[in-house]
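Peer 1: Got a predicted model here, sequence first, then my questions.
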Protein chains: 2
Amino acid sequence: MALKPPQYADILKAAQRIEPFIHRTPVFTSLHFNRLSGGELFFKCENFQKVGAFKFRGACNAVLSLPKHDGEKGIITHSSGNHAQAVALASKMNGYKATIVMPKNAPKVKVNAVRDYGAEIVFCESTIQAREETAQKIIAETGATFIHPYNHPDVIAGQGTAAKELLEDYPDLDIIMAPVGGGGLISGTAITAKHLKPKIKVIGAEPELANDAFRSFQSGKIEPVLRTDTVADGLRTSLGELTFDVISSHLDDIVTIAESSIIRDMRAVWERMKMIIEPSCAVPLSAILDGKVDVEGKKVGIIITGGNVDLDNLPW
Amino acid sequence: MALKPPQYADILKAAQRIEPFIHRTPVFTSLHFNRLSGGELFFKCENFQKVGAFKFRGACNAVLSLPKHDGEKGIITHSSGNHAQAVALASKMNGYKATIVMPKNAPKVKVNAVRDYGAEIVFCESTIQAREETAQKIIAETGATFIHPYNHPDVIAGQGTAAKELLEDYPDLDIIMAPVGGGGLISGTAITAKHLKPKIKVIGAEPELANDAFRSFQSGKIEPVLRTDTVADGLRTSLGELTFDVISSHLDDIVTIAESSIIRDMRAVWERMKMIIEPSCAVPLSAILDGKVDVEGKKVGIIITGGNVDLDNLPW
């Protein structure tokens, strides 16, 4: 059965389903960045979400959507990032066992974070193929359910609930922006925003070094990511079929950003807004401050994706 | 005319006076720190206040309380910390000229921050005596008004408005805590808290290396700070007569904290709560996590004082 992207009704259901489990995160503003940009910026702070990232919304919705007899056979994913922590915590909250397949060279801080949320970790070689084979083997043995980090309707629906909250708080946004990695967040954001406000502009922002979504948006087919060395470690993945479908049909633009701008603006947010954001979060702000998106006199919502960084390895 | 500490009526007036100029800062919670402590902790996030610190409340109240003909002669203070930025911005908002006397070896990041808020900076030798003489000379020449960072009734009244907001949001706190430097914040906090809720416990927390308030509280007279090498750079000052008066009469306890605990818990807040706090902010939390304040089953308010740190010189 071919998967289909969620519709706004699914995002509404997701919002009801996950509401008791998530934080309704605050929206911050900054006179400094308003002055610099000429617009009025509204930062939806998913760095203050559980597990420190918006990923908890999607994982939580996917886990809660499972029939109990499936959940009891276990949940599995392969990731070394925020999705792994999100699946681990969402599973734990439901009393399900989570297994996370991670490359054996994954940073210790990420391994420990997943373990702290009670998941079992299975290590494998650090190739995509090894990850997938290892996961498939466990699925065959246990009947566990695989939750993809973005190419999954329930995950996309969950991610769309952040934009729903933001537009409830600030209904008169002219533009809404999010970074693009695998495309789960921007897809959920776009479905929500275009449903609630058809005239809103939805703009994705991506590192120049991982510009696969930009190229896919231009060419009309999924282009793979060619390099994995951007500082924005949450954005190193290629699109999936579902997210490519939504991005092609719902987005107004995708812009790409230089590494130096990402680091500059990540640091600027730390200094000016006193909150910890991952490099990925800075990408939409950089798009504005580098003049790639004109926000003069406009109200702009930006989804701040997460705050999980290794404090011993800052990029400045 | 001898100065007297403010009363709660003054804090009420301060709240009305500064309300259009300040942020009503959010209150954050953390399941992680609740679990570690056995209590329920409510963090009043003054790191998200204008200029990144609670100091803006007091400076703003003092500047707004000045008769216009005094304000027009200028405002002056000597400080290289958050109070300098606070006075600079509060003056600028009122169209008054601010002069900040700073030691010539003050960190460039602090000099630039004050200059960004439009204040004039006058450099002097890095002794207290040089600062005071330089300030006195300018006052004699211009008639500018000196705003002391803590030993000033309007400043103390302004600082007390943070606790007022916190107790409005969470009226059933059992304990309220703040760090103690010069004592302005804990004094305003204590006057507010004991007025609104006489049975609440008010506890100050101080670095072991700058334990002058602890010693003053024990001995019944102002004891000078003996060392200025604590990592909690906001807490290196001695009490003033006004703040000593309030601390002696209103506090339930003052506890002191090791440097290693301050650094540990500053980092833990960054990692777990995704917000940037100064070392000073960690001191009350360390008091709890080191078992120096028993919070088992209690609701505890903690004033998070500020988020101005030099990202190139982190203490870990």
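Peer 2: Yep, that arrived. Keep in mind that what you see is a predicted model, and the values were worked out from it rather than measured.

Peer 1: check contacts around the closest residue to chain B within the stretch 1-150 of chain A.
Peer 2: Closest approach between the stretch 1-150 of chain A and chain B, counting by C-beta to the nearest C-beta: A:N47, at 4.5 Å. For every residue, glycine as well, the C-beta is placed using N, CA and C. For A:N47, the contacting residues are A:53, A:275-278, A:281, A:304-307, B:274, by C-beta atoms under 8 Å, 6 or more residues apart in numbering or on different chains.

Peer 1: ok, now A:K4?
Peer 2: A:153, A:242.

Peer 1: mind running it again at 10 Å?
Peer 2: If a contact means C-beta atoms under 10 Å, 6 or more residues apart in numbering or on different chains, then A:K4 has A:10, A:153, A:242, A:245 as its contacts.

Peer 1: got it, and A:V180?
Peer 2: When contacts are counted by C-beta under 10 Å, 6+ apart, A:V180 touches A:186-187, A:203-207, A:210-214, A:216-217, A:235, A:237, A:239, A:243, A:247, A:251, A:254-256, A:280, A:283-284.

Peer 1: For the lowest-mean-pLDDT helix or strand in chain A, name the packing helices and strands.
Peer 2: The weakest-scoring helix or strand in chain A, judged by mean pLDDT, DSSP states H and E, is helix A:108-116 (a mean of 86). Packed against helix A:108-116 by the contact rule (3 or more C-beta pairs under 10 Å, 6 or more residues apart in numbering or on different chains; DSSP states H and E) you find helix A:82-93, strand A:98-103, strand A:120-124.

Peer 1: repeat that for 6 Å
Peer 2: Packing partners of helix A:108-116 (3 or more C-beta pairs under 6 Å, 6 or more residues apart in numbering or on different chains; DSSP states H and E): helix A:82-93.

Peer 1: can you list contacts of the helix it packs on?
Peer 2: Helix A:82-93 is contacted from outside by A:51, A:53, A:55-56, A:59-60, A:63, A:75, A:77, A:98, A:100, A:113-114, A:117-119, A:147, A:149, A:306, A:308, using C-beta atoms under 6 Å, 6 or more residues apart in numbering or on different chains.

Peer 1: Any of the residues you listed buried? List them.
Peer 2: A:51, A:53, A:55-56, A:59-60, A:63, A:75, A:77, A:98, A:100, A:113-114, A:117, A:119, A:147, A:149, A:306, A:308 (16 or more other C-beta atoms under 10 Å in any protein chain shown).

Peer 1: Filter the contacts of A:K4 down to the buried ones, ChimeraX style.
Peer 2: Provided next is the ChimeraX selection string for whichever of those are buried by 16+ other C-beta under 10 Å:
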select /A:10,153,242,245
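
Peer 1: Sort out which one of the contacts of A:K4 lies nearest A:V295 for me.
Peer 2: Comparing the contacts of A:K4 against A:V295 with C-beta to C-beta picks out A:D245 as the nearest, at 27.7 Å.

Peer 1: does stretch A:56-65 come close to chain B?
Peer 2: No - Stretch A:56-65 is not in contact with chain B by C-beta under 6 Å from any C-beta of the partner chain; minimum separation 12.9 Å.

Peer 1: Could I get the CA-only coordinates of that stretch as PDB?
Peer 2: Taking Å, rounded to 0.1, in the frame of the first residue of the first chain, the C-alpha atoms of stretch A:56-65 are listed here in PDB:
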ATOM      1  CA  PHE A  56       9.300  14.600  19.700                       C
ATOM      2  CA  ARG A  57       6.000  15.700  18.100                       C
ATOM      3  CA  GLY A  58       6.200  13.400  15.200                       C
ATOM      4  CA  ALA A  59       7.600  10.400  17.100                       C
ATOM      5  CA  CYS A  60       5.000  10.800  19.800                       C
ATOM      6  CA  ASN A  61       2.200  10.900  17.200                       C
ATOM      7  CA  ALA A  62       3.500   7.900  15.400                       C
ATOM      8  CA  VAL A  63       3.900   5.800  18.600                       C
ATOM      9  CA  LEU A  64       0.400   6.900  19.900                       C
ATOM     10  CA  SER A  65      -1.200   6.000  16.500                       C
END
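
Peer 1: pLDDT score for A:A14?
Peer 2: For A:A14, the model assigns a pLDDT of 98.

Peer 1: Cool, thanks, talk later.
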